[in-house]
Each structure stands twice: as structure tokens, then as C-alpha cells.
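J.: Any chance you could fold what I've pasted below:
(chains A and B)
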Number of protein chains: 2
Amino acid sequence: MNEQEHDIPEIVIIRLPLYVRTLNELKLLNQTTVSSQHLGNLLQTTPAQIRKDFSHFGKFGKQGRGYNIDYLLDELRKILNLNQKWNTCVIGIGNLGQAVINYQGFKNEGYLIKAAFDISLPSRLDNKDIVIKTISDMKNTIKELNIKIGIVTVPAPDAQGVIDRLVESGIKAILNYTPMKPVLPKNIACINIDPVLSLQSMSYYLDK
Amino acid sequence: MNEQEHDIPEIVIIRLPLYVRTLNELKLLNQTTVSSQHLGNLLQTTPAQIRKDFSHFGKFGKQGRGYNIDYLLDELRKILNLNQKWNTCVIGIGNLGQAVINYQGFKNEGYLIKAAFDISLPSRLDNKDIVIKTISDMKNTIKELNIKIGIVTVPAPDAQGVIDRLVESGIKAILNYTPMKPVLPKNIACINIDPVLSLQSMSYYLDK
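T.: The predicted structure follows:
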């Protein structure tokens, strides 16, 4: 299957966790199979889109039989590397960084915040589970703690510099909370958290 | 066009701001028209999906001629009510709430944070542009300041209670930063900011 996995468009990868979540919800309803038609209805996409997305990874079902939910979930979780824990770090320990550190949603899904960095060390941060260091110690700490994901919560003007250092430190995936689009080497995955897109879609409803 | 707008699936509405952003990027490249095929390539969706999404709102182009970017942008911005400013409020003035209040991305796109609420008033918050009140004053302040969107940044266990009060106060759209899915009346739009989905898609790249 590895050969097929080359050059899969990022936007397809971005949709896979939504499939995982929806399949988990169907499983909670005691469903065992699902058609691309039904999955398409739930996610409001076309069955063709779903079959096309899955076709990048091989065959997950037989024409006319629907997908086996357990099997499909298992395959998608393997593709997304969801069956293991990943060490992450936060850069920027201001209000946003502290909020991210205290966010309960990451740990439950296997994303462990192991370290946090800032230009100077904060006077207090009530979290004994993570290592707090200055940015000058970033490279060593990231290697020592086997950290693979960087979560960027510095002010926007500092973000590109911090992200360059993360890349130098060997980080391969960046979750960027700042309202800027960083310049990155092609082999680095980066997702920008963009609450504005959400507000823009909701304002549709505001004159109804 | 109003009749056609009834009951458009939320997930279609959620995709519209992505079309707006992509069309703006094409415009910056001096493009004047775009085919559903090309737009599909850029967003890695099928041309059929794009035509289906747009068909909810009427006809935006002629078969084989492509879409006029200016016209399409104008129509999408009108559909999404992006040509006006919207007043918003933040509920929860902890680390996350303060980070949201200081986020520069909202104001630039016409979403103005006019008020912030918490159970007790914070000892300090350096922002003279917004009204700071206790949650008990929420309903009156929301009406007085014509606030239409609530941004929820309280701890997860407090979120449902706060959201119920927002709904009672007449709020029609909620941006929920807490890792819980609120129970809501059908006529209230709500988007949950979920950074876990982003981490899950990026971990795909981590063993490559």
C-alpha cells in the first residue's frame, strides 16, 4: 500500500479524521456497515468524492456491499498513525499557550504536551507534567524528549522565526495558532487554526 | 434566490468561506475566471461537488465557460453576509478568553469583540475597546450592544450553562472553543474549534 500513498493531496489527509469521527459515531449507534452514499449524506459530500478519497489508499470495500465500519476505522487509524502516542511541545507561554497546555482534548487522543518554551521563563505555570525551557534550549529538548509536533502560540510577528527553529530542531508537524501563513519546506506538515473561517460560515445564518 | 436557500446542509455552508478564500487567492494572481475543474483541483474536491455546492444558491456560471471570479466572490460574500460588520462577545476571561480578545484576525475580517463576560470581573484586562461585565449582566448587554455571535472560552464543565444563557439572550451563532459538543436548539449555528482533528491529520506525515 505504501506505493499508492505517495503524493496524496493534503486536503484528502485533512478529511480523513472527519471520516474517523463519523465512523466512530456510527459505531456508537451499533451500525456495522455503511455505504459511500450514507457516509456522503452524513458529511454532505458526494459518494464519488468519498470513493476517490479512499482510492488513494487501496480498496476498502466491495462495490455495492458498503464498507465494514470496524475494518475501515482500523485502516484509517493505521494510515493516520492514531494508534500510538505523540509527544508535542508548545512555543509561547502567554495566555494562548497556557490555554493550550491546559486543554483536555489533546491528551485523551494521544497527543502529549511534554515541553513548553518561551523567550524568558514564566514566573509561574502550574503544570508539573511538562518541561519548561527557554527557546534557546529548544533544539536539545525536542531531541531528548522525542517531540514530533510543535504547537505555535507566540505573537504573530514572532511566529516565522520560531517555526524556522522548530524545523531546524527536526519537527515535522506544526499546529499554528497565529493569524499568519508561515513559509515552510515542502516536507513539513502545517495546519493553521483559523477561527475566522468558522465565523464566516456562521454569519450566513445571522440574517435568517 | 431565497426559496432555494432553505435547508442548505450546514457542511455546504462551512465550505463556502474556503471557496471565498481560494477565489481571493486566484484574484491576487490576476485570474478572472476559474473552471469547477480547476477550483476542484485547488481544493482537492470533485468538480461535481463544487457544482452541487453552488447549485443550492442558483446558477453562478455557464456550462463550459467557467466562473467569473469577481461575480462569484461577490455572490458568495453576499450569501455569507461578509459585507457588514458583526458584533461578538467572549464568555470566559481566562487565558483562552484573553487570547481570543487579543487575536488580530477577527477585527480585520469584520468581527468586532464588543463585550466580555465572566463569573467575576478580572482584576485587570488591558483593553479599553470592550465592555467587561459579569455573566449576570449578559442578557442586557448583548441586547444593548446588538451582539449576534458568542465566543465561548469557559472551562468545558461550564460551557453548556453559558451556551444556554447565550441562546436565551438571543445569540444566533456560537463559536465554541471548549472540547465538548453542546446541546442546542435547531435554529442556532454552532462551530466547535477542534484542534485535535488537525493533529490527527498531521500525524499521517510523522512516520514518513
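J.: chain center to stretch A:138-147: distance?
T.: 20 Å (CA atoms, centre = their mean, to the nearest Å).
J.: per-domain residue ranges of chain A.
T.: Here the domain parsing of chain A from automatic domain parsing is A:3-79, A:86-196.
J.: which of these sits most buried?
T.: Burial of the domains of chain A is given as mean neighbour count (mean count of other CB atoms under 10 Å in any protein chain shown); domain A:86-196 ranks first at a mean of 18. Glycine gets a C-beta too; all of them are placed from N, C-alpha and C.
J.: re earlier: output the domains of chain A in CSV, with mean pLDDT appended to each entry.
T.: Shown next, in CSV, are the domains of chain A (pLDDT from 0 to 100):
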stretch, mean pLDDT
domain A:3-79, 87
domain A:86-196, 92
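J.: Can you say which of those is nearest to B:Thr45?
T.: Taking CB to CB, domain A:3-79 is the member of these nearest to B:Thr45, at 6.2 Å.
J.: Say whether chain B is contacted by that closest one.
T.: Yes: counting by CB under 8 Å from any CB of the partner chain, chain B has neighbours in domain A:3-79: A:9-18, A:20-21, A:43-46, A:48-49, A:52, A:79.
J.: Return the subset of those residues lying in helices.
T.: A:10-18, A:20-21, A:43, A:48-49, A:52, A:79 (DSSP state H).
J.: with the residues you listed in mind, which one is nearest to A:Leu184?
T.: Taking CB to CB as the measure, A:Glu10 is the one of those closest to A:Leu184, at 11.9 Å.
J.: Briefly note if stretch A:118-125 comes near chain B.
T.: No: on the criterion CB under 8 Å from any CB, stretch A:118-125 is out of touch with chain B, staying 10.6 Å away.
J.: and that stretch, how far apart are its ends?
T.: Stretch A:118-125 has an end-to-end distance of 12 Å (criterion: CA to CA, to the nearest Å).
J.: Grab the longest strand from chain A for me.
T.: Looking across chain A with DSSP state E, the single longest strand is strand A:111-118.
J.: do you know how far the closest residue to A:Tyr67 other than its chain neighbours is from A:Ser36?
T.: Closest residue to A:Tyr67 apart from its sequence neighbours, by CB to CB, 6 or more residues apart in numbering or on different chains: A:Gly61 at 4.1 Å. Distance, A:Gly61 to A:Ser36, by CB to CB, to the nearest Å: 8 Å.
J.: list residues touching both of the two?
T.: Common neighbours of A:Gly61 and A:Ser36, using CB atoms under 8 Å, 6 or more residues apart in numbering or on different chains, are A:Tyr67.
J.: Chain A: helices as residue ranges?
T.: For chain A, the helices defined by DSSP H occupy A:10-28, A:36-43, A:47-55, A:69-79, A:95-102, A:105-108, A:138-144, A:156-168, A:195-202.
J.: Let's have those in a markdown table, adding distance to A:Cys89.
T.: Below are the helices of chain A laid out as a markdown table (distance: least, CB to CB, whole Å):
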| stretch | distance to A:Cys89 |
| --- | --- |
| helix A:10-28 | 21 |
| helix A:36-43 | 32 |
| helix A:47-55 | 31 |
| helix A:69-79 | 24 |
| helix A:95-102 | 10 |
| helix A:105-108 | 12 |
| helix A:138-144 | 6 |
| helix A:156-168 | 9 |
| helix A:195-202 | 22 |
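J.: correct me, but A:Met159 touches A:Thr178?
T.: Met isn't right for residue A:159; it's Ala. Yes: counting by CB atoms under 8 Å, A:Ala159 touches A:Thr178, with 4.3 Å between them.
J.: Now list whatever residues contact both of these two.
T.: Common neighbours of A:Ala159 and A:Thr178, counting by CB under 8 Å, 6+ apart, are A:Val152.
J.: wait, A:Gln44 sits on B:Ile11?
T.: Yes: if you go by CB under 8 Å, A:Gln44 and B:Ile11 touch, sitting 3.6 Å apart.
J.: wouldn't A:Thr134 be in contact with A:Ala116 here?
T.: No: using CB under 8 Å, A:Thr134 makes no contact with A:Ala116, being 10.5 Å away.
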